[in-house]
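K.L.:
turn this into a model:
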Amino acid sequence: MRPLESSDFLVLSEQSGRWVTTESGSVIASWTSASISFLFTGSKLGFRVGPQTERKDKANGGTRMVTIITGNSRESALQDTASWRALDPQPSCDVVIFDTCARHDRTFVQIVLIDWASQLEIQYFYADDEAKFEGLPEEANQIPRILLVGDSISSAMAVSIEQGGELVPFGILDGFPFVAQRRLLQRDPPLQVAVDLVAYPGLNLVRPTEEEKEKGHPLGMVDAFFWKSPWTKEAWVASISPIVVMIELGTNDQFFQVPKEKFGDAFIELIQKLLSQSQNSFMHVWLVPPFPDEDTDSHQLNEAMPYIIDRLQNRFGPSIEFKICDLVEGLTAKDTVDGVHPSLKAHQRLGEQLAAFIERNLFESTK
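P.N.:
Residues are numbered from 1 along each chain as shown. You can find the predicted model right below:
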């Protein structure tokens, strides 16, 4: 068997999300949805799980850590959920992807961190001596890339069955952003988008003051987005090039009664930072209003969305188109498992709505 150091492997594979290379040559993902994709020719393939692999928060509703996706092509593999394999790899163990006498010919392989509460370290890959690894075809680089910044709802956070929730078999991949991706692939002809997601439960958009922290206000994604991990404040300089930035934040801000002016200020700060790290690549910003929450009667930030859009458009000018993506319209407590987090059925519906929104505002607008 032939080993291949993970950091070397990143050079020839396509990555989504955030991967950090360690001094030993391993790679670590701490933000859910981070993935590695490549084409494999050979008979045996696997990877060694690093010792820093860890479930950071056990209150994750029973979601497993990793999903392995394989298929004849990217398009077919991402749609064929029946062939996906979710697992909980243990530190310093091997994950076997292929181990047969039959030879795989340019088979698509994707490894995804699906649990918001886990950190995955890949120490190295290994394969049979005759195996060959390739990056995805050149046309994959032309697929429009959407960066989604969110909270527990975008994270597809599972609520345990004991607390009235349900099992989320494929974690983040069962969430509405990736449902939308699959629905677009089912169009005739198929529409492809790449999704980069940075989301974590419990975060506000707005940065709290020291006094607000003492009162229990959560941290703000205006800062947390630029961390290597949700569990550390070590700075991360992103290298991103999305054409769309989609922001699903505000449900927690609304609960903590953040004023609309401060909410707008935080949007401006976040978008300005994203522009500086993306070489001004994005031309669209879509804002998802706060989701309904049974624990508050406030709707002030939902009502303020037109005001926020006007502020952003005035601040950044016509080079970026700002729109409200109102996925929450018509959503009620009956669509949730706990008064705020959508059920799997609701995520399917939200994904359908998002797919239609993407088709109208990204694909039809460029015809």
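K.L.:
where does the chain dip in pLDDT?
P.N.:
Within the chain, the stretches with pLDDT under 70 are 1, 7-9, 365-367.
K.L.:
would you state the helices of it in chain order?
P.N.:
Using DSSP state H, the helices of the chain run over 6-12, 74-79, 176-185, 210-214, 221-224, 251-255, 260-277, 300-303, 305-316, 344-358.
K.L.:
could you dump those into JSON lines with mean neighbour count added?
P.N.:
Every C-beta, even on glycine, is put in place using the N, C-alpha and C of the backbone. Converted to JSON lines, those look like this (neighbours: other Cβ atoms under 10 Å):
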{"stretch": "helix 6-12", "mean neighbour count": "16"}
{"stretch": "helix 74-79", "mean neighbour count": "18"}
{"stretch": "helix 176-185", "mean neighbour count": "22"}
{"stretch": "helix 210-214", "mean neighbour count": "10"}
{"stretch": "helix 221-224", "mean neighbour count": "22"}
{"stretch": "helix 251-255", "mean neighbour count": "23"}
{"stretch": "helix 260-277", "mean neighbour count": "17"}
{"stretch": "helix 300-303", "mean neighbour count": "17"}
{"stretch": "helix 305-316", "mean neighbour count": "15"}
{"stretch": "helix 344-358", "mean neighbour count": "19"}
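K.L.:
which among those helices is found nearest to residue 50?
P.N.:
helix 6-12 (8.4 Å; Cβ to Cβ).
K.L.:
ok, now how distant is residue 127 from residue 103?
P.N.:
Residue 127 sits 12 Å away from residue 103, going by Cβ to Cβ, to the nearest Å.
K.L.:
overlap of the contact sets of these two?
P.N.:
residue 42 (Cβ atoms under 8 Å, 6 or more residues apart in numbering).
K.L.:
who's more crowded, the two?
P.N.:
residue 127 (22 against 14; other Cβ atoms under 10 Å).
K.L.:
just confirm residue 19 contacts residue 36, I think it does.
P.N.:
Yes - Residue 19 lies in contact with residue 36 (Cβ atoms under 8 Å); the separation is 7.4 Å.
K.L.:
please enumerate the shared neighbours of those two.
P.N.:
By Cβ under 8 Å, 6+ apart, the residues touching both residue 19 and residue 36 are residue 10.
K.L.:
ok, for residue 136, nearest residue in space, not its chain neighbours?
P.N.:
residue 14 (5.0 Å; Cβ to Cβ, 6 or more residues apart in numbering).
K.L.:
residues touching that neighbour, list them.
P.N.:
36, 37, 38, 135, 136, 140.
K.L.:
try 7 Å
P.N.:
37, 38, 135, 136, 140 (Cβ atoms under 7 Å, 6 or more residues apart in numbering).
K.L.:
lovely, talk soon.
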